[in-house]
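**Student:** sequence first, then the predicted structure, then my questions.
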Amino acid sequence: MTRIETNIIIKAKPEEVRSIFLDYKKYPQWNPFFTSFAKYSNKQDPNLNVGDELQIDLKLKGTNHTSTMYPTILTNTENEFTWKGTLVSDWLFTGTHSFKFESIDGDKTLFTQSEEFGGFLVFIFYLFGIFGKTQESFQSLNESLKDYIESRE
């Protein structure tokens, strides 16, 4: 397994950060990584529920190419939001992407974004430098979320 993890401290309570982060319809206002984010299943319910499938277009930092993935939500609690995406099957490529919201001093949030990758294509992605671009994209999302939330004050 290969793992990428980034984090940032945001001057807002975890429940506020989580609420803004999960308001996916406003992603175009601040999110540079997920260029399109929609529910693929259970479309009549706007909430992000465990078991819902998503359709996410993402653009790695420094590239012009957009990729589409169809992950399934595994966890949506007050402290964590996680999905898992698979390309054909787990042996070829899989990614479990988590977002965590941890309280610091009561009025700040440690926002952590991580993903664990598995499958045959991990080796190929290393060769092409995709994991470095992915980490940069995570950091860009983190910084954009922080700027978006902290500029609202």
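**Tutor:** Perfect, I can see it now. Numbers count the residues shown, from 1 in each chain.
**Student:** okay, residue 153: pLDDT?
**Tutor:** In this model, residue 153 is scored at 64, pLDDT.
**Student:** swap in residue 1?
**Tutor:** 71.
**Student:** correct me if wrong: it contacts residue 114.
**Tutor:** No - using Cβ atoms under 8 Å, residue 1 makes no contact with residue 114, being 11.5 Å away. Bear in mind the C-beta positions are built from the backbone N, C-alpha and C, glycine included.
**Student:** higher neighbour count, these two?
**Tutor:** More neighbours surround residue 114 than the other of residue 1 and residue 114, with 16 against 9 (other Cβ atoms under 10 Å).
**Student:** which ones are touching the more buried one?
**Tutor:** The neighbours of residue 114, taking Cβ atoms under 8 Å, 6 or more residues apart in numbering as the test, are 3, 4, 5, 6, 97, 98, 100.
**Student:** in JSON lines, list the residues you listed along with neighbour count.
**Tutor:** Listed next are the contacts of residue 114 as JSON lines, based on neighbours: other Cβ atoms under 10 Å:
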{"residue": "3", "neighbour count": "11"}
{"residue": "4", "neighbour count": "18"}
{"residue": "5", "neighbour count": "13"}
{"residue": "6", "neighbour count": "19"}
{"residue": "97", "neighbour count": "20"}
{"residue": "98", "neighbour count": "17"}
{"residue": "100", "neighbour count": "20"}
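**Student:** ok, which stretches of the protein are helices?
**Tutor:** Here the chain has its helices, by DSSP state H, at 14-22, 27-30, 121-127, 130-150.
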